[in-house]
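> pasting the sequence and the predicted model now:
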Amino acid sequence: MSLPVLYIGNRRFSSWSLRAWLVLQKSGIEFETRLIPLNEGETRSAISEISPGGTVPALHTADGVIWDSLAICEWAAERKPDLWPAQDMLRARARAAVSSMHAGFLSLREHCPMDLCREGVYKDLDDVTQMDIAVMQALWHDVMTPAGEFMFGEWSIADAFFTPVASRFRSYAVELHSEAQSYCDTLLSEKDYLDWHSKAQLEDYTNPYENPL
């Protein structure tokens, strides 16, 4: 049987691709990675051929295609349950935190798009984006368990979902509380993230954001 194939967007820009890729890496499930460059002339048609939802990431398995990052993570967790916390309440809280990120923080996403080639370049942010940053830090403070380096002790899908956020905070030189900064430093020092980051530096594609600065 052939390996599952994860189709991703540019490593430099595609935060949703990063989330799914990190989870598959941590799962130990063997898979292949194929990249579809964003913002190119053939991008739309290329993605439509491999993703019913018209988006990346998209995971091709022997049983069908999964095209949402959270759905891909749940597919992996059904095979490797330790991708979520083992304790019932922690697992529920981890899912709640992930859902908040999956559906919210729209201003942060719009005004601080992920760009892994941008290192600590300050950007003046509006009040709505500043509120997103404050709410994010409050969320982390409220759910962070005291044991272990990660949000719920051991690494979980929740940490995958917040890794691109940590990269945004670094890219745009966002000043954080010490607890939040420590968590971001932990996420961005993970071996798998560093592997993704190093490959992102080698990409030579058009920036899909009109005003990356």
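Alright, I've got the coordinates.

> strands along this protein, start to end?
Per DSSP state E, the chain carries strands over the ranges 5-8, 32-35, 58-61, 64-66.

> tabulate those in a markdown table, adding columns for distance to Phe152 and mean pLDDT.
C-beta here means a position set from N, CA and C on the backbone, and glycine is covered the same way. Putting the strands of the chain into a markdown table (distance: least, Cβ to Cβ, whole Å; pLDDT from 0 to 100) gives the following:
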| stretch | distance to Phe152 | mean pLDDT |
| --- | --- | --- |
| strand 5-8 | 24 | 98 |
| strand 32-35 | 27 | 97 |
| strand 58-61 | 24 | 98 |
| strand 64-66 | 24 | 97 |
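
> how about those strands in TSV, adding mean neighbour count?
Shown next, in TSV, are the strands of the chain (neighbours: other Cβ atoms under 10 Å):
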stretch	mean neighbour count
strand 5-8	21
strand 32-35	14
strand 58-61	22
strand 64-66	15
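
> can you tell which of the ones you listed is closest to Arg170?
Nearest of these to Arg170, taken as Cβ to Cβ: strand 5-8 at 20.8 Å.

> what's that closest one packed up against?
Counting contacts by 3 or more Cβ pairs under 8 Å, 6 or more residues apart in numbering; DSSP states H and E, strand 5-8 packs against helix 15-27, strand 32-35, strand 58-61.

> among the ones you listed, which is nearest Ala103?
helix 15-27 (12.6 Å).

> which elements pack onto the worst-scoring helix or strand of the chain on mean pLDDT?
Within the chain, no helix or strand scores below helix 43-50, which has a mean of 92 by mean pLDDT, DSSP states H and E. If you count contacts as 3+ Cβ pairs under 8 Å, 6+ apart, helix 43-50 packs onto strand 58-61.

> which neighbours does the strand it packs on have in its sheet, and in what orientation?
strand 5-8 (antiparallel), strand 64-66 (antiparallel) (DSSP bridges).
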